[in-house]
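Asker: everything below, folded, please.
(chains A and B)
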There are 2 protein chains.
Amino acid sequence: MPEEQLAVSDLSEPELLARIFPRLNSSSSMLLGPGDDAALIAAPDGRALISIDTQTQDQDFRLEWNNGYRTTGFDVGWKAAAQNLSDINAMGGRATSLVVSLTLPPATPVGWVEEFADGLTAAIAALGAEECSVAGGDLGRGREITVTVAVVGTLSGGEPVLRSGAVPGDVVAVAGTLGRAAAGWALLESSVPIERLTATERALIDRQCRPEPPLQAGPLAARTGATAMLDISDGLLRDAGRLAKASNVVLDFDPKALALHARPLESAAVLLGVEPMFWVLGGGEDHGLLATFPAGIQLPQGFTAIGSVQADVMPSGTGVRIAGQAADTVGWDHFAD
Amino acid sequence: MPEEQLAVSDLSEPELLARIFPRLNSSSSMLLGPGDDAALIAAPDGRALISIDTQTQDQDFRLEWNNGYRTTGFDVGWKAAAQNLSDINAMGGRATSLVVSLTLPPATPVGWVEEFADGLTAAIAALGAEECSVAGGDLGRGREITVTVAVVGTLSGGEPVLRSGAVPGDVVAVAGTLGRAAAGWALLESSVPIERLTATERALIDRQCRPEPPLQAGPLAARTGATAMLDISDGLLRDAGRLAKASNVVLDFDPKALALHARPLESAAVLLGVEPMFWVLGGGEDHGLLATFPAGIQLPQGFTAIGSVQADVMPSGTGVRIAGQAADTVGWDHFAD
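Answerer: Residues are numbered from 1 along each chain as shown, chains lettered A, B, ... in the order given. Modelled structure (predicted):
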């Protein structure tokens, strides 16, 4: 059978694994790698951060989008790594290991799975997480592609930065981009063929398919004294609301600071007839960080201020304001939980 | 809406989580539980065992079986915990934490999810793994139910028992049951209505739906000096072949010892017209342990000898023999990888 026509159902599990393993990196934190019932990894300070995330076909990605773009195995592998690495980043830690479960329809091309492994490895390298490697996994069949990754990380002896530590007077800051992945999703779902997009617009699709969480920023924020932090995975307003609720405070955003994040989205917004601030406030999946810092300290590299923390004198609503106005009265309430 | 008609799509994610969390146990190894981007768990000896397993609807379980049995959320939760706890057991360790990803069709009853959480908690308690708790998770939508659990465990300072350490002269032993889950699967798929089954036969279905891995046996085997060990998840012959290959030896089974494991299956075997040894040799999912021990030592509690380790003088075939005859010549080769 020609190599490019091979499907996963044409190979035994050992044959498929033999194609995956050489594509994965190795790291010193992996004491015992894949091949036994469990892997053994280093947890140097006697603790381990752990999180889990799933991507499901037609929910989190489409194999073929309305605009003609085809999601590659590389994209899905990259995103699986990136969104999990981001969860450890948001605690102020660094990821040390991933375990990966792939549920695949039998007709899935073997090449897709090989690209998936390449995407995992490429994201780990490109995002600067080389001490992280794939320690194990599971392969199974299903009607649709489902990819679950669990990530383990280390705080290197430090304390985790929780959602609950923000206090009135703190500065609110973000690291990474806002709204680009959401703009990319809108372009993918639009009827504008991908061939007609500019390089700037295509770059938004890249951020949806291969997000670039700022993995240096999380540990740096922790060392700098961030009082609270989380990963913006479901949209700035929604995630800010979670931080506000956990900390029992209000976050007040400066619209001018937010407007700077809208600029790179303007071309796509005009094309699709959308207000770009919609993506800035509502779009997740860039996997930037939202953090609060004590007033007066110099923000760590990568962070820019977008507002301030205020006391929650009226504990109702979303806990998020824009220039003092409740964010749920400016049209974004459909992003609230 | 009546409570029993509630589907997961009728609730927000926080509302669904609020129904799940109170059903989960807590343990001292959980330093920071669900609710932030990642959980923080203790890894007291500076290392962590990690593994991941997925169950997919219509591959690993059916919501309604041919014989009329309906898989409950409790069953799926129990099995998700049991098969992951077993992977840590097979290394000689004890599980400390689970992270759980649930992918659900929108119409899934909320009660199913609540029972799922109850099943996780019940398995942890019934199997004696109380130091383990659910540290985090992920909820998402899909066309079918997919449950992925990643497990973290500890060796408590000991060394892991690998698949690769068996040496000629060792005794081969098993802990736990063999073939019962496979017999249960055959009953579930048969046309014999569940109402017509005896208590003994129903107990086989229970082992398929709610397996009972011998979680005391793994750490005990490690302390007793087991030279190799793995979890029998894909069938005795197939898993023995993996151990034989990793250790570069042959495992020779005593048919009389294996026959003892066939007895509890005889009633179901007669009912379905099957040779019970088929289930003993080929059936996985009981999640018993296969281990090798130096000759002459007293086997730890829970283990019984079923054969011996021999040198692999003809390194081809499956590496498994029954009374000196290659197992792939006695009709079981369709279980080989």
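Asker: from here on, contacts and neighbour counts on C-alpha atoms
Answerer: OK.
Asker: so residue A:134: helix, strand or coil?
Answerer: The three-state label given to residue A:134 by DSSP: H, G, I helix; E, B strand; the rest coil is strand.
Asker: the strands in the stretch 201-337 of chain A, which residues?
Answerer: Ranges of strands within the stretch 201-337 of chain A are A:228-232, A:249-253, A:288-293, A:303-311, A:320-322, A:325-326, based on DSSP state E, counting those that start in this stretch.
Asker: redo those strands as a markdown table? Include mean pLDDT.
Answerer: As requested, those are arranged in a markdown table below (pLDDT from 0 to 100):
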| stretch | mean pLDDT |
| --- | --- |
| strand A:228-232 | 97 |
| strand A:249-253 | 97 |
| strand A:288-293 | 98 |
| strand A:303-311 | 97 |
| strand A:320-322 | 94 |
| strand A:325-326 | 87 |
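Asker: do you know which of those strands lies nearest chain B?
Answerer: strand A:228-232 (6.5 Å; C-alpha to the nearest C-alpha).
Asker: which strands and helices sit next to the closest one?
Answerer: Identification of packing neighbours for strand A:228-232 by 3 or more C-alpha pairs under 8 Å, 6 or more residues apart in numbering or on different chains; DSSP states H and E yields helix A:73-89, helix A:236-247, strand A:288-293.
Asker: direction included, what does that strand pair against?
Answerer: strand A:288-293 (antiparallel) (DSSP bridges).
Asker: name the residues that touch the strand it pairs with?
Answerer: A:90, A:166, A:170-178, A:213-214, A:217-218, A:221, A:225-233, A:236, A:240, A:299, A:309 (C-alpha atoms under 8 Å, 6 or more residues apart in numbering or on different chains).
Asker: where does pLDDT dip in chain A?
Answerer: Along chain A, the model assigns pLDDT under 70 to residues A:315-316, A:328-337.
Asker: per-domain residue ranges of it.
Answerer: A:3-154, A:171-335 (automatic domain parsing).
Asker: now tabulate those domains in CSV and tack on mean neighbour count.
Answerer: Formatted as CSV, these follow (neighbours: other C-alpha atoms under 10 Å in any protein chain shown):
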stretch, mean neighbour count
domain A:3-154, 22
domain A:171-335, 21
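Asker: pipe the helices and strands packed on strand A:228-232 into JSON lines and attach distance to residue A:150 per row.
Answerer: Shown next, in JSON lines, are the helices and strands packed on strand A:228-232 (distance: least, C-alpha to C-alpha, whole Å):
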{"stretch": "helix A:73-89", "distance to residue A:150": "7"}
{"stretch": "helix A:236-247", "distance to residue A:150": "21"}
{"stretch": "strand A:288-293", "distance to residue A:150": "19"}
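Asker: what residues does the stretch 151-300 of chain A put near chain B?
Answerer: Counting by C-alpha under 8 Å from any C-alpha of the partner chain, the residues of the stretch 151-300 of chain A close to chain B are A:162-163, A:230-231.
Asker: and residue A:49, how far is that from residue A:303?
Answerer: 23 Å (C-alpha to C-alpha, to the nearest Å).
Asker: now do residue A:64
Answerer: 35 Å.
Asker: same check on residue A:175?
Answerer: Taken as C-alpha to C-alpha, the span from residue A:175 to residue A:303 is 4 Å.
Asker: what sits in contact with each of these two?
Answerer: Contacts common to residue A:175 and residue A:303, judged by C-alpha under 8 Å, 6+ apart, are residue A:217.
Asker: residue A:128 is nearest to which of the strands of the stretch 201-337 of chain A?
Answerer: Nearest of the strands of the stretch 201-337 of chain A to residue A:128, taken as C-alpha to C-alpha: strand A:288-293 at 15.2 Å.
Asker: what about the closest one, distance to the chain center?
Answerer: A distance of 14 Å separates the centroid of the chain from that of strand A:288-293, by C-alpha atoms, centre = their mean, to the nearest Å.
Asker: then stretch A:145-161?
Answerer: The mean C-alpha position of stretch A:145-161 is separated from the chain mean by 12 Å, C-alpha atoms, centre = their mean.
Asker: how long is it end to end?
Answerer: For stretch A:145-161, the separation between the terminal residues is 34 Å (C-alpha to C-alpha).
Asker: residue A:31 in helix, strand or coil?
Answerer: strand.
Asker: so how far is chain B from it?
Answerer: 8 Å (C-alpha to the nearest C-alpha, to the nearest Å).
Asker: same thing with residue A:174?
Answerer: Per C-alpha to the nearest C-alpha, residue A:174 is found 16 Å from chain B.
Asker: nearest spatial neighbour of that residue, skipping sequence neighbours?
Answerer: Nearest residue to residue A:174 in three dimensions, chain neighbours excluded: residue A:290, at 4.6 Å (C-alpha to C-alpha, 6 or more residues apart in numbering or on different chains).
Asker: for residue A:130, same thing?
Answerer: residue A:124 (5.9 Å).
Asker: spit out the contact partners of the one you found.
Answerer: A:81-82, A:130, A:132-133.
Asker: would you double-check that residue A:55 falls in a helix?
Answerer: No - counting by three-state DSSP, residue A:55 falls outside a helix, being strand.
Asker: does it have beta-bridge partners, and which?
Answerer: Counting by DSSP bridges, the residues bridging with residue A:55 are residue A:147.
Asker: pretty sure it sits against residue A:144.
Answerer: No - under the criterion of C-alpha atoms under 8 Å, residue A:55 makes no contact with residue A:144, lying 10.7 Å away.
Asker: and the nearest residue to residue A:277 once chain neighbours are set aside, what is it in contact with?
Answerer: Counting by C-alpha to C-alpha, 6+ apart, the nearest residue to residue A:277 once its immediate chain neighbours are dropped is residue A:262, at 5.7 Å. Going by C-alpha under 8 Å, 6+ apart, residue A:262 touches A:178-179, A:276-277, A:279-280.
Asker: separation between the residue nearest to residue A:130 and residue B:24?
Answerer: 33 Å.
Asker: just checking, residue A:168 touches residue A:248?
Answerer: No - using C-alpha under 8 Å, residue A:168 makes no contact with residue A:248, being 9.5 Å away.
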